[in-house]
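Visitor: structure for the following, please:
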Amino acid sequence: MTSALAATRMNVPWSRFLGRHMTLAIGAATLGLFLAVALAAPLISPYDPIYQDAAVRLAMPSLAHPFGTDNFGRDILSRVIWGTRIDLQIAVIGVVFPFLIGTFIGTVAGFFGGIVDTVFMRLVDIILAFPFLVLMLSIIAILGPGLSSFYIAMALVGWVSYARLIRAQMLVLKSSDYAVAAVSLGFSRARIMFRHLLPNAVAGSIVFSMSDAVLVLLNGAAISYLGLGVQPPVAEWGVMVAEGQSFITTAWWITLFPGLSIVVLAFGFSLLGDGLGEWLGVNE
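Guide: Next comes the predicted model:
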């Protein structure tokens, strides 16, 4: 009886949390599902994702191949499962480095102001003067195709949004009472910036990073579609869509399932971002 009552009490906060933050819960569950699939890919994948079987090329979805096969006889389900690893990696790494760079630059520019702020903000204006995708393609064309080039291009271009968000928060927070008190106590500038001000300024950027992950995922798929990202025969959803383009009228399943995977994963990130915004009280 006592254990049942304790269990009930423990479940009440979670039930209330889920009721108030259903969007956050659904988004987290969706990303958790994709993460589980990525981690368990070797165990749940029915076939080798790059194994070719000419005898079953362009086979329709069936019990043996639930998502069908492509023009090389490769199992689409296996390639979608293994592609989850690559596309999750693209979404996460493609956000982490711009987030870190932009947060640092925005913190320094907003805290010090003056010439430091002017220099960094003029650099932001220069980058924003060019179309985002065109600038990315130019950098990747110089560095050469591949995921490494994509990550470098994202780091060089994607940080500006985070820098502007953090800078705007720092301009307000550095005049707050607790910031003035920290200065009066003789705390170092680094301690004031990164220990006292940044934790209070970063919530908006964390929420924005979830929405940014959607754009990074779509950009990664687009880059791979153009042949500048992941290179065949590696299983990646954008590559799979590009490979199935020529068979869209005769073998629709080649593009349908990786395309749906991109949409659902992007939907999960979007829901997580909205849920975090509600939970943290951030108005995007």
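
Visitor: rest of the way, CA atoms for contacts and neighbours
Guide: Fine.

Visitor: correct me, but residue 204 touches residue 165?
Guide: Yes. Between residue 204 and residue 165 there is a contact under C-alpha atoms under 8 Å: 7.3 Å.

Visitor: before we move on, which element is the nearest residue to residue 158 once chain neighbours are set aside in?
Guide: Spatial nearest neighbour of residue 158, excluding adjacent residues (C-alpha to C-alpha, 6 or more residues apart in numbering): residue 98 at 5.3 Å. Per DSSP states H and E: residue 98 is located in helix 76-112.

Visitor: list the buried residues in that helix.
Guide: Buried residues in helix 76-112, counted by 16 or more other C-alpha atoms under 10 Å: 76-88, 90-99, 101-111.

Visitor: what segments of the stretch 1-150 of the chain are helices?
Guide: For the stretch 1-150 of the chain, applying DSSP state H, counting those that start in this stretch gives helices covering 2-20, 22-39, 41-44, 76-112, 114-128, 132-143, 147-157.

Visitor: counting contacts, what elements does the fourth one pack onto?
Guide: Just to be clear, that refers to helix 76-112. helix 22-39, helix 114-128, helix 147-157, helix 159-173, helix 203-225, helix 237-244, helix 253-280 (3 or more C-alpha pairs under 8 Å, 6 or more residues apart in numbering; DSSP states H and E).

Visitor: got the angle for that helix vs helix 114-128?
Guide: Orientation of helix 76-112 against helix 114-128 (axes from the mean of the first three to the mean of the last three C-alpha atoms, to 10 degrees) gives an angle of 150 degrees.

Visitor: output the helices and strands packed on helix 76-112 as a markdown table; include the columns mean pLDDT, mean neighbour count and distance to residue 64.
Guide: Listed next are the helices and strands packed on helix 76-112 as a markdown table, based on pLDDT from 0 to 100; neighbours: other C-alpha atoms under 10 Å; distance: least, C-alpha to C-alpha, whole Å:
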| stretch | mean pLDDT | mean neighbour count | distance to residue 64 |
| --- | --- | --- | --- |
| helix 22-39 | 93 | 18 | 20 |
| helix 114-128 | 92 | 14 | 50 |
| helix 147-157 | 93 | 21 | 32 |
| helix 159-173 | 93 | 22 | 45 |
| helix 203-225 | 89 | 22 | 28 |
| helix 237-244 | 90 | 24 | 20 |
| helix 253-280 | 91 | 21 | 15 |
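
Visitor: mind putting these in TSV, distance to residue 189 included?
Guide: What follows is these, written out as TSV (distance: least, C-alpha to C-alpha, whole Å):
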stretch	distance to residue 189
helix 22-39	36
helix 114-128	15
helix 147-157	26
helix 159-173	13
helix 203-225	21
helix 237-244	45
helix 253-280	27
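
Visitor: residue 271 is in contact with residue 27, correct?
Guide: Yes. Here residue 27 reaches residue 271: they are 4.7 Å apart, a contact under C-alpha under 8 Å.

Visitor: wait, what's in contact with residue 149?
Guide: For residue 149, the contacting residues are 139-140, 143, 229, by C-alpha atoms under 8 Å, 6 or more residues apart in numbering.

Visitor: what sits against residue 49?
Guide: 74-76, 78-79, 82, 235.

Visitor: so residue 136 touches residue 157, yeah?
Guide: Yes. Judged on C-alpha under 8 Å, residue 136 makes contact with residue 157 at a distance of 7.1 Å.
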